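Novice: Can you look at this prediction? I've put the sequence above it.
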Amino acid sequence: MKILVVGGGGREHALVWKLRQSPKVDQIFCAPGNAGISQIATCVNIPAGDVYGLLNFAQQQQIDLTVVGPEIPLTNGIVDIFEQAGLKIFGPTRAAAEIEGSKALAKEIMAKYNIPTARYGIFADAAQAKEYIKQYGAPCVVKADGLAAGKGVIVAMDEETALAAVDIIMAQRAFGQAGDKVVIEEYLQGEEVSVLAFVEGDTIIPMVASQDHKRVGDHDTGPNTGGMGAYAPAPLYTPELAEIVERDILQPTVKALAAEGRPYRGVLYAGLMITDAGPKVLEFNARFGDPETQPVLSLLETDLVDIIEAILEGRLASQPVTWKNGAAVCVVMAAQGYPGNYERGQEIKGLNNLPSGIEVFHAGTALKDGKIVTDGGRVLGVTAVGTDIADAIKKAYQGVAAIHFAGAHYRTDIGQKALEKLKGA
């Protein structure tokens, strides 16, 4: 079969890598792809957001299955458009993807259906937003309502920062139209965990839980990023906790979306905070997470094409999904200046001299004069599978040490929370 993967980041490289392992697959295209993806698939120069350009390509090439990576084409209705044209595509419809496209909508659904989340207020007026902050005080979390590539969240530990965050989002328009409204939430104490699940109708099959590292600096310091690394499985996420999350969060959310006329099919990502009062939802995403996909898919034993076909054919309930033993760790190597302004075009060296067992998923790379160069903020996701978390961490950082480009920076503590959790167990 011929597959088209939409997107050009580390998540999409991991998807192409995993799909390529299926004996059912003859050819994979990726639009727009990147330098790493081009080594294992045919890259097509169509932006991920150009849904009609992608449709034309899929029709011309007689693509058997399209797999969507990023959120923008999903919220632009790519699934609806492909399905209307009679093409197979994996992902939620525009209406279902709005659970990610609008944080306000997600909050309203959670409130209506008693899905545990932080106390919140939604505001289209900056002055009212500031009054709410003054009323409830800090710490709090100020979020742009719309899509902001994982960066539209400002954690404010004091009132001054919170008030300034409203101006950054609503007046300075740091995240563009995403800042038409803000959601202000209470600050939740606890530890975060990412739970991705395959969803079809009432059937939910959770993947191994993972933990992302959002802040740019070690020990969760500095501004938020799209994610500086992840590991799976997360020891914090016990079988008992998994049962609670499925019963109180995942099942009710999927039922709520169906009740609201937004039936869900695809991958649902729940970003959770594990508080003393139990798990609470920080956010929902309507697709595979990045960088969580890199370690999670590294541990998936089942053919991903089999799972996707089962979802599209309405038989996920009878599809086995199995996972490898051990653990996987992904360390993101970023460009100098990220998550602010960063340089492009730095040559990347060492990619051909990696220790065995390391997969490097390209996020922001390009080919220039026959060389692989940096072409994004998050450049590479160096990923390793080990017998346990400690082994996977060691291998991943051995991979990082072998790679060089000017200005490269990365966190040195990816997975440390897991080690601490295991020591305390």
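Specialist: Right, received. Where do you want to start? Given the structure is predicted, the values throughout are model-derived calculations rather than measurements.

Novice: What strand or helix carries residue 336?
Specialist: Residue 336 belongs to no helix or strand when elements are defined using DSSP states H and E.

Novice: okay, it: pLDDT?
Specialist: At residue 336, the model reports a pLDDT of 96.

Novice: helix/strand/coil for residue 4?
Specialist: For residue 4, the assignment made with DSSP: H, G, I helix; E, B strand; the rest coil gives strand.

Novice: List the contacts of the residue nearest to the spatial centre of the chain.
Specialist: Centroid check for the chain by Cα atoms, centre = their mean gives residue 289 as the closest residue, at 1.7 Å. Residue 289 makes contact with 11, 194, 196, 210, 212, 227, 230, 269, according to Cβ atoms under 8 Å, 6 or more residues apart in numbering. For the C-beta atoms, the positions are set from N, CA and C on the backbone; glycine is no exception.

Novice: repeat that for 10 Å
Specialist: 11, 150, 194-196, 210, 212, 226-227, 230, 267, 269-271, 296 (Cβ atoms under 10 Å, 6 or more residues apart in numbering).

Novice: again with residue 187
Specialist: Contacts of residue 187 by Cβ under 10 Å, 6+ apart are 118, 136, 137, 138, 139, 140, 141, 155, 156, 157, 162, 273.

Novice: got the buried residues for the strand or helix carrying the last one?
Specialist: Take DSSP H and E as the rule and residue 273 turns out to sit in strand 265-275. Residues 265, 266, 267, 268, 269, 270, 271, 272, 273, 274 are the ones in strand 265-275 that count as buried (16 or more other Cβ atoms under 10 Å).

Novice: Do you know the pLDDT at the closest residue to the third one other than its chain neighbours?
Specialist: When you say that, I think you mean residue 267. What sits nearest to residue 267 in space, not counting adjacent residues and going by Cβ to Cβ, 6 or more residues apart in numbering, is residue 288, at 5.3 Å. Looking at residue 288, its pLDDT reads 97.

Novice: right, and residue 288 touches residue 269 too?
Specialist: Yes: under the criterion of Cβ atoms under 10 Å, residue 288 makes contact with residue 269 at 7.1 Å.

Novice: Now the common contact residues for the two.
Specialist: Here residue 288 and residue 269 share the contacting residues 196, 207, scored by Cβ under 10 Å, 6+ apart.

Novice: Need the phi and psi values for residue 54.
Specialist: phi -70, psi -40 (degrees, to the nearest 10).

Novice: Report the contact partners of it.
Specialist: With contact set as Cβ under 10 Å, 6+ apart, residue 54 has these partners: 4, 6, 29, 31, 44, 46-48, 63, 66, 68, 73, 78, 81-82, 87, 89.

Novice: any idea how far it lies from residue 309?
Specialist: Going from residue 54 to residue 309 by Cβ to Cβ, to the nearest Å gives 20 Å.

Novice: Ok, residue 175 next?
Specialist: 37 Å.

Novice: tell me the phi and psi of residue 85?
Specialist: Note on residue 85: backbone dihedrals following degrees, to the nearest 10 are phi -90, psi 0.

Novice: what about it, how many neighbours?
Specialist: For residue 85, the neighbour count with other Cβ atoms under 10 Å is 12.

Novice: Please apply the same query to the one 5 residues further on.
Specialist: In terms of burial, residue 90 registers 25 neighbours under the definition other Cβ under 10 Å.

Novice: what's the answer for residue 341, then?
Specialist: Residue 341 has 9 nearby residues by other Cβ under 10 Å.

Novice: Could you tell me the model confidence score at it?
Specialist: pLDDT for residue 341: 93.

Novice: Quick check: it touching residue 407?
Specialist: No: contact criterion Cβ under 10 Å: residue 341 and residue 407 do not qualify, at 11.9 Å.

Novice: Now the common contact residues for these two.
Specialist: In contact with both residue 341 and residue 407: residue 335, using Cβ under 10 Å, 6+ apart.

Novice: just for this structure, where's the confidence low?
Specialist: Scanning the chain for pLDDT under 70 picks out the ranges 149-150, 425.

Novice: Name the residues of stretch 395-404 that are buried.
Specialist: With burial defined by 16+ other Cβ under 10 Å, the residues of stretch 395-404 counted as buried are 395, 396, 397, 399, 400, 402, 403.

Novice: residues touching the first one, list them.
Specialist: In this structure, residue 395 makes contact with 328, 329, 355, 356, 357, 358, 382, 383, 384, 385, 386, 387, judged by Cβ under 10 Å, 6+ apart.

Novice: which residue sits closest to it in space, ignoring its chain neighbours?
Specialist: residue 384 (3.6 Å).

Novice: which secondary structure elements does whichever strand or helix holds that neighbour contact?
Specialist: Residue 384 belongs to strand 378-386 when elements are defined using DSSP H and E. Helices and strands touching strand 378-386, by 3 or more Cβ pairs under 10 Å, 6 or more residues apart in numbering; DSSP states H and E, are helix 10-19, strand 229-232, helix 293-299, strand 327-334, strand 358-362, strand 371-374, helix 389-401.

Novice: okay, those, which one's buried deepest?
Specialist: strand 229-232 (a mean of 31; mean count of other Cβ atoms under 10 Å).

Novice: Can you dump the C-alpha atoms of that strand in PDB for me?
Specialist: Extracted in PDB, the C-alpha atoms of strand 229-232 (Å, rounded to 0.1, in the frame of the first residue of the first chain):
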ATOM      1  CA  GLY A 229      12.400  15.400  25.700                       C
ATOM      2  CA  ALA A 230      10.200  12.500  26.900                       C
ATOM      3  CA  TYR A 231      10.400   9.000  28.300                       C
ATOM      4  CA  ALA A 232       8.100   6.000  28.500                       C
END
